[in-house]
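**Q** The sequence and its predicted three-dimensional model are supplied below.
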Amino acid sequence: MSDIHPLPAFLAGLFGSIHCAGMCGGIVGALSVARGAGGARAFPVPVRTVTTVAPAVAHVLAYNAGRIASYATAGALAGAAAGSAGRLAGLPALQLGAYVAANLMLVALGMYLMNAWRGLALLEQGGQLLWRRIAPQLARLGQPDTPGRMFVAGALWGWLPCGMVYSMLALAMLSGSAAGGAAVMLAFGLGTLPMLAAIGMAGLRVRALLGLRQVRLASGLLILGFGLLGLWRAAGGLPPGWLDVLCVAPGSAA
């Protein structure tokens, strides 16, 4: 295994965060600046609506810091596990197969965002086994009325079954090390940050925009393009060059 450039993961997070708006936007949006009494929507965990901007920013950033920390932890575990397996195998053919599989996951993610194919939903169902053990901890957390509690809520919510996260973990595994896997997932998490921070401050208005079919289609096509570019590069159709930073292929390794 080898190092993976973090830019594809960052871009996947940035353009794929329209999916995060549905999966994670609710809890962040629940902490948006209040616009009147009685407008709060029910949510699976206790939430606190604030009336000034500064506390809202602190809560939103704390939640996202916890969420991204969970992604980085999962990436470190995936990278370390794959690195151990890679040292045992060490076969170029297996490594090439891993690159192809990772790019196929990007293709699947692009189609998932466009609602053209829902295969990643099967992975999400498998993740429910872990989530059923984590979800009760959210109820025990109580009202997340401090940045510290919001960090913990985000750290727990980061393990919510998500096809997009699973597709990025495939990239993290290619790094072949705990540090490399954590870096890939950190880049992915930072890519999702602008969108979820905007939802935290603007709430339903941003979520309505992200629900437009044109927005999902454009984002899905971009990620689909990254995956197809990586497959072409891995097959030898593109020579090594600057495009390597945009795709996942053997030539992009350091």
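**A** Arrived safely, thanks for sending. Numbers count the residues shown, from 1 in each chain.
**Q** and residue 218, how many neighbours?
**A** Neighbour count of residue 218, defined by other Cβ atoms under 10 Å: 14. (C-beta placed from N, C-alpha, C; glycine too.)
**Q** typo on my end, residue 73
**A** Here the neighbour count serves as a burial measure; for residue 73 (other Cβ under 10 Å) it reads 17.
**Q** What of residue 133?
**A** Residue 133 is flanked by 10 other residues according to other Cβ under 10 Å.
**Q** With residue 142 instead?
**A** Applying other Cβ under 10 Å, I find that residue 142 has 11 neighbouring residues.
**Q** What is the burial count for the closest residue to residue 17 other than its chain neighbours?
**A** Beyond its immediate neighbours in the sequence, the residue positioned closest to residue 17 (Cβ to Cβ, 6 or more residues apart in numbering) is residue 195, lying 3.6 Å away. Neighbour count for residue 195, taken as other Cβ under 10 Å: 24.
**Q** shouldn't residue 195 be in contact with residue 19?
**A** No - assessed by Cβ atoms under 8 Å, residue 195 is found out of contact with residue 19, at 9.7 Å.
**Q** re earlier: for the residue nearest to residue 17, pull up the helix or strand it's in.
**A** Following DSSP states H and E, one finds residue 195 within helix 178-202.
**Q** Check which helices and strands that helix sits against.
**A** The contact analysis (3 or more Cβ pairs under 8 Å, 6 or more residues apart in numbering; DSSP states H and E) places helix 178-202 against helix 7-23, helix 25-29, helix 53-89, helix 163-175, helix 204-210.
**Q** how about those helices, which one is nearest residue 99?
**A** Taking Cβ to Cβ as the criterion, helix 163-175 is the member of those that comes nearest to residue 99, at 6.6 Å.
**Q** So what angle separates the directions of that closest one and helix 178-202?
**A** What separates the directions of helix 163-175 and helix 178-202 is an angle of 160 degrees, with axes from the mean of the first three to the mean of the last three Cα atoms, to 10 degrees.
**Q** between helix 163-175 and helix 53-89, how many degrees?
**A** Using the same axes, to 10 degrees: helix 163-175 against helix 53-89 is 50 degrees.
**Q** start at 334 instead
**A** Got it, the first residue is 334 from now on, which makes the last one we talked about helix 496-508.
**Q** Output helix 496-508 in CSV with nothing but the alpha carbons.
**A** Included here for helix 496-508 are C-alpha records, laid out as CSV according to Å, rounded to 0.1, in the frame of the first residue of the first chain:
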residue,chain,number,x,y,z
GLY,A,496,-22.7,5.0,2.5
MET,A,497,-20.6,8.0,1.7
VAL,A,498,-18.4,7.5,4.8
TYR,A,499,-17.9,3.9,3.9
SER,A,500,-16.8,4.7,0.4
MET,A,501,-14.2,7.1,1.8
LEU,A,502,-13.0,4.4,4.2
ALA,A,503,-12.1,2.4,1.1
LEU,A,504,-9.7,5.2,0.2
ALA,A,505,-8.4,5.3,3.8
MET,A,506,-7.5,1.6,3.6
LEU,A,507,-5.4,2.3,0.5
SER,A,508,-3.1,4.5,2.6
